[in-house]
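**Student:** sharing a model that was predicted from the sequence below.
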Amino acid sequence: MDTATRVALIAAAAALIGHYVKQYFDRRANLQNDVREKRVLMYADLLQTTREALVKTEPGKPFIRDASLTTRLIAWATPEVIIAITEVWQKLESTESHADLESAMAGLLASIRRDLGHDDKQAGKQFDVLIARLYLPKTAPPS
């Protein structure tokens, strides 16, 4: 086999490999975008449901959880978010102080933001508390 034929075969093989590698990464990116879209919708529902529960639920009283939302959380949320929302629900149903609920909510919101790709590393813990204060209704139980 002469040199020109070898070069042509190598070029053709490289082109095929490049094509399939590009297809792989395109499919992977599309899948990640689809998962992210589902998570954004689920987290929006979670935050809305949690806010409604914060307004409607008396401290120390149980609240009704949305079974559909809980199922989606189990299927799509990261372990960090599931742990954080469980802690928020426990604080909501307990008679603990508003500061404890605020801290748990800060952890949840930070977990959701990390899962969605926000980089809050430079903001620090104070940022987490501030976004929790923005989120929590004024009617939350006092400490």
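**Tutor:** The structure has been received and is ready for your questions.

**Student:** shouldn't L73 be in contact with A84?
**Tutor:** No - under the criterion of CB atoms under 8 Å, L73 is not in contact with A84, lying 10.7 Å apart. Where you see a C-beta, it was placed from the backbone N, CA and C, and this is true even at glycine.

**Student:** now do the shared contacts for these two.
**Tutor:** Overlap between the neighbourhoods of L73 and A84 is empty, taking contacts as CB atoms under 8 Å, 6 or more residues apart in numbering.

**Student:** so P62, which state does it fall into?
**Tutor:** With DSSP: H, G, I helix; E, B strand; the rest coil as the basis, the three-state label of P62 is coil.

**Student:** any idea of the pLDDT on it?
**Tutor:** The predicted structure scores P62 at 72 on the pLDDT scale.

**Student:** for this protein, longest helix please?
**Tutor:** helix 3-56 (DSSP state H).

**Student:** next structured bit after that one?
**Tutor:** Using DSSP states H and E, the next helix or strand after helix 3-56 towards the C-terminus is helix 67-76.

**Student:** tell me the helix or strand right after that following helix.
**Tutor:** Scanning forward in sequence from helix 67-76 by DSSP H and E, the next helix or strand is helix 79-93.

**Student:** with only the CA atoms kept, save stretch 25-42 in PDB.
**Tutor:** The C-alpha atoms that make up stretch 25-42 are tabulated as PDB, following Å, rounded to 0.1, in the frame of the first residue of the first chain:
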ATOM      1  CA  PHE A  25     -21.100  14.600  23.200                       C
ATOM      2  CA  ASP A  26     -24.100  16.200  21.500                       C
ATOM      3  CA  ARG A  27     -26.400  13.400  22.900                       C
ATOM      4  CA  ARG A  28     -24.800  13.700  26.300                       C
ATOM      5  CA  ALA A  29     -25.300  17.500  26.300                       C
ATOM      6  CA  ASN A  30     -29.000  17.100  25.200                       C
ATOM      7  CA  LEU A  31     -29.600  14.600  27.900                       C
ATOM      8  CA  GLN A  32     -28.100  16.900  30.600                       C
ATOM      9  CA  ASN A  33     -30.200  19.800  29.300                       C
ATOM     10  CA  ASP A  34     -33.300  17.600  29.500                       C
ATOM     11  CA  VAL A  35     -32.500  16.500  33.000                       C
ATOM     12  CA  ARG A  36     -31.800  20.100  34.100                       C
ATOM     13  CA  GLU A  37     -35.100  21.300  32.600                       C
ATOM     14  CA  LYS A  38     -37.000  18.700  34.600                       C
ATOM     15  CA  ARG A  39     -35.100  19.600  37.800                       C
ATOM     16  CA  VAL A  40     -35.800  23.300  37.300                       C
ATOM     17  CA  LEU A  41     -39.500  22.600  37.100                       C
ATOM     18  CA  MET A  42     -39.500  20.300  40.000                       C
END
